[in-house]
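K.L.:
Give me coordinates for this.
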Amino acid sequence: MPNDTCHVLLIEDKLENIELLQYLLFQSQHSSLAKGLTFPITCVPTLKESLTSLEVHKFDVILLDLDLPDSKGLETLIKLRKKVDNIPIIVEMNEQREGAVVECFRLGADGYLQIKSLDSNLLIYEIRLGIERQKYRSKINQQQEEIRQAQEFADLDDLIKSSKETSVTARLFGAYPLQESLPDVFEELVETYGKLLDLALEQRMFKVDYNISEELRMLGEKLGFLKASPRDTIEIHTKVLKEKSKNAPVAKAQAYVAEGRLMILELMGYLASFYRKYYIGLSNINLSPRKDYP
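P.N.:
Purely as a prediction, here's the structure:
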């Protein structure tokens, strides 16, 4: 939010409420609570139009009437909060009912207005308080997500460390972890896996088809030819997640972790499938002594 502007989205279809809120925001220039802020306001009468406006414009706060032509009651707040998680929402109420207020806060509201007893100072106070509540909520959510991500990385590291120095696959093939035995190849695999993770996110967000499964299948076969073990796939996965999450916003880092959980399972499945085919192939080879025929 710029130092001198707070962009307000008013979702309201009642003319008298629109005029009142517009007037009070205009009068805010005389309020000591405004501290030099101006409050340009955009009005939309329906929830559908509000979602369109939110896609096009940036707002610092939302004032919400719960009873709209296309949405009624607390369901209005629920639908809006699902679409916007980083903008404070202040709901309008004709009268204060403790149970209703508590429920609104539980469902994601950052404040409430009693239209019948509203003045300019109280309106500005609620807007400022709602913005601070949203900042606090975002900070807490970020800290919790950072803790979850740190725990996930710690679990992956523990899984790697708990693996025996030579895994089942390594003992069978006489191979050692790729990160140690073929560091250059390992880095190439990390780069490939990282690109696939980016594509997987794009595929989910923009509904495009990059055929990630086929790419993972080919990567699984390549790992198989390299005599890789499940430990190798976990090491590749862990390194990519740490690199992607290092400087990413919390929401994007969370998306990488969530998408990565699916990708690593699919990749390990393809690696297991490769080894099943390999052993089936070995078992079908005729190893009986050669007979010489006249």
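K.L.:
what about residue 157, neighbour count?
P.N.:
When neighbours are counted by other Cβ atoms under 10 Å, residue 157 registers 14. From N, CA and C alone the C-beta is placed, and that goes for glycine too.
K.L.:
And the helices in the stretch 151-294 of the chain?
P.N.:
168-173, 178-181, 183-206, 212-225, 230-245, 250-284 (DSSP state H, counting those that start in this stretch).
K.L.:
how about those, which one is nearest residue 128?
P.N.:
Closest of these to residue 128 is helix 250-284, at 24.5 Å (criterion: Cβ to Cβ).
K.L.:
Which strands and helices lie in contact with that closest one?
P.N.:
helix 120-162, helix 183-206, helix 212-225, helix 230-245 (3 or more Cβ pairs under 8 Å, 6 or more residues apart in numbering; DSSP states H and E).
K.L.:
circling back: would a markdown table of the helices of the stretch 151-294 of the chain with mean neighbour count be doable?
P.N.:
Shown next, in a markdown table, are those (neighbours: other Cβ atoms under 10 Å):
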| stretch | mean neighbour count |
| --- | --- |
| helix 168-173 | 15 |
| helix 178-181 | 16 |
| helix 183-206 | 16 |
| helix 212-225 | 17 |
| helix 230-245 | 21 |
| helix 250-284 | 15 |
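K.L.:
Of those, which is nearest residue 92?
P.N.:
helix 250-284 (28.9 Å).
K.L.:
report the angle between the axes of the helix or strand hosting residue 21 and helix 120-162?
P.N.:
Element membership for residue 21, per DSSP states H and E: helix 15-27. Helix 15-27 and helix 120-162 meet at an angle of 90 degrees, taking axes from the mean of the first three to the mean of the last three Cα atoms, to 10 degrees as the criterion.
K.L.:
what's in contact with the following helix or strand past helix 15-27?
P.N.:
For helix 15-27, the following helix or strand on the C-terminal side (DSSP H and E) is strand 41-44. The contact list for strand 41-44 (Cβ atoms under 8 Å, 6 or more residues apart in numbering) reads 7-12, 18, 21-22, 25, 50, 53, 57, 59.
K.L.:
what residue ranges in the stretch 1-150 of the chain score low on pLDDT?
P.N.:
Counting by pLDDT under 70, the stretch 1-150 of the chain shows low-confidence ranges at 1-3, 95-98.
K.L.:
Switch the helices and strands packed on helix 250-284 over to CSV, and while doing so, append distance to residue 30 to every line.
P.N.:
Formatted as CSV, these follow (distance: least, Cβ to Cβ, whole Å):
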stretch, distance to residue 30
helix 120-162, 7
helix 183-206, 45
helix 212-225, 58
helix 230-245, 48
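K.L.:
Pretty sure residue 103 sits against residue 73.
P.N.:
No: counting by Cβ atoms under 8 Å, residue 103 does not reach residue 73; the two are 10.2 Å apart.
K.L.:
quick one on the thing from earlier: out of the helices of the stretch 151-294 of the chain, which gets the lowest mean score?
P.N.:
Across these, helix 168-173 has the smallest mean pLDDT, namely a mean of 50.
K.L.:
Can you give the contact residues for stretch 58-66?
P.N.:
For stretch 58-66, using Cβ under 8 Å, 6+ apart, the contacting residues are 1, 5-14, 17, 21, 42, 50, 53, 72-74, 76-77, 80, 84, 87-93, 109, 113, 127, 130-131.
K.L.:
Can you turn the buried part of those residues into a PyMOL selection?
P.N.:
Those of the contacts of stretch 58-66 that count as buried under 16 or more other Cβ atoms under 10 Å are selected in PyMOL with:
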select buried, resi 6+7+8+9+10+11+12+13+17+21+50+53+74+76+77+80+84+87+88+89+90+91+92+93+109+113+127+130+131
